[in-house]
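> Structural data only, the sequence is not supplied:
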């Protein structure tokens, strides 16, 4: 059997890391990657000896004429590749790939890495995306949500039938050698995220500015269009001697091994993989109470949850952890145990493969009936 994985962009991000883990794990199938550009994910595919195709027009902003061209290009690629299943990811590729799959006669699965109409998103865009997802659901065999929050959101807005929905939480492979020792003389806080919506580095920097009486370092890992703005804000808040902007990194696990607190401050989320990376490293996680985050981080058990857009509440949570090494270790150890029991890549891949096998069995039965 052959699976075509489709995603809009190849840049580093949560959805791309999800596909990297799937593509590297489901070796029982032939795999092909279809994306709108080249980058992190296509480079990963090459290392895995997986062929990739670039679908022209897939990464353009929403424009009906360009999107129609992208859909035709996607249809041609599917006819060329002849997959037995299309697994679509991200909003734009999710729609274009599912429509193209319909005309190519291929069943499609869609993973929603957080809905485009989630709380905190632009209301006008949300209305459009809800309408699009309602139409797309009719040509989708299975919709995989990465959190119960997203599954409930889809049902509440009636964009997908409940029978089509299932939740498969994100999972990542274990790296026991990268567990934090929590032994820095000056505690180090790390946030790993792109400098772009929905991530909220600004609130984190304002919170850090309220901790001037404490010794700490803040390491911001990532790049993106808002990096320059955040660097300027850090300088304006007098944080240049405490904050390090590392840019994007290929050794996040090593950076977390040398940290004491992990944080992810967001305006909205699906089910962020970076939080799982912090838990895997045995770090206490301070994160905003949005999307599926509370399904990973248990407040006061594996970390501390705070309200979005509240630098005061965030500062209080960080102050509590920075001043109590035993609390950091207790929450971090509980977080690692929770990761091992609930959020490993083996667990995620196993559930996803069962979705594939169900669809393949139906496809085989349909072909036998035709014969």
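Everything's here; your move. Computed from a predicted model, the values in this text were never measured in an experiment. Numbering: from 1, shown residues only.

> May I see the buried residues of the longest helix seen in the chain?
Ordering each helix of the chain by length in residues (DSSP state H) puts helix 345-370 first. Using 16 or more other CB atoms under 10 Å as the test for burial, helix 345-370 gives 345, 347-349, 352-353, 355-356, 359-360, 363. Any C-beta I mention is one placed from the backbone N, CA and C, and that applies to glycine too.

> Show me the shaky parts of the protein.
For the chain, applying pLDDT under 70 flags the ranges 366-371.

> Just the helices from it, written as ranges.
Listed in chain order (using DSSP H), the helices of the chain are 14-25, 40-47, 64-81, 91-104, 123-137, 148-156, 201-209, 227-236, 252-257, 273-280, 293-296, 311-322, 325-342, 345-370.

> Quick one: residues contacting residue 266.
193, 198-200, 272, 287-288, 290-291, 293, 308 (CB atoms under 8 Å, 6 or more residues apart in numbering).

> ok so, going back, closest one of the buried residues of helix 345-370 to residue 169?
Nearest to residue 169 out of these is residue 348 (CB to CB; 6.7 Å).

> want to throw the helices of the chain into JSON lines with distance to residue 245?
Shown next, in JSON lines, are the helices of the chain (distance: least, CB to CB, whole Å):
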{"stretch": "helix 14-25", "distance to residue 245": "20"}
{"stretch": "helix 40-47", "distance to residue 245": "20"}
{"stretch": "helix 64-81", "distance to residue 245": "35"}
{"stretch": "helix 91-104", "distance to residue 245": "29"}
{"stretch": "helix 123-137", "distance to residue 245": "30"}
{"stretch": "helix 148-156", "distance to residue 245": "30"}
{"stretch": "helix 201-209", "distance to residue 245": "9"}
{"stretch": "helix 227-236", "distance to residue 245": "6"}
{"stretch": "helix 252-257", "distance to residue 245": "13"}
{"stretch": "helix 273-280", "distance to residue 245": "16"}
{"stretch": "helix 293-296", "distance to residue 245": "24"}
{"stretch": "helix 311-322", "distance to residue 245": "18"}
{"stretch": "helix 325-342", "distance to residue 245": "24"}
{"stretch": "helix 345-370", "distance to residue 245": "29"}
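
> Among these, which comes closest to residue 173?
helix 345-370 (4.5 Å).

> Understood, closing this out.
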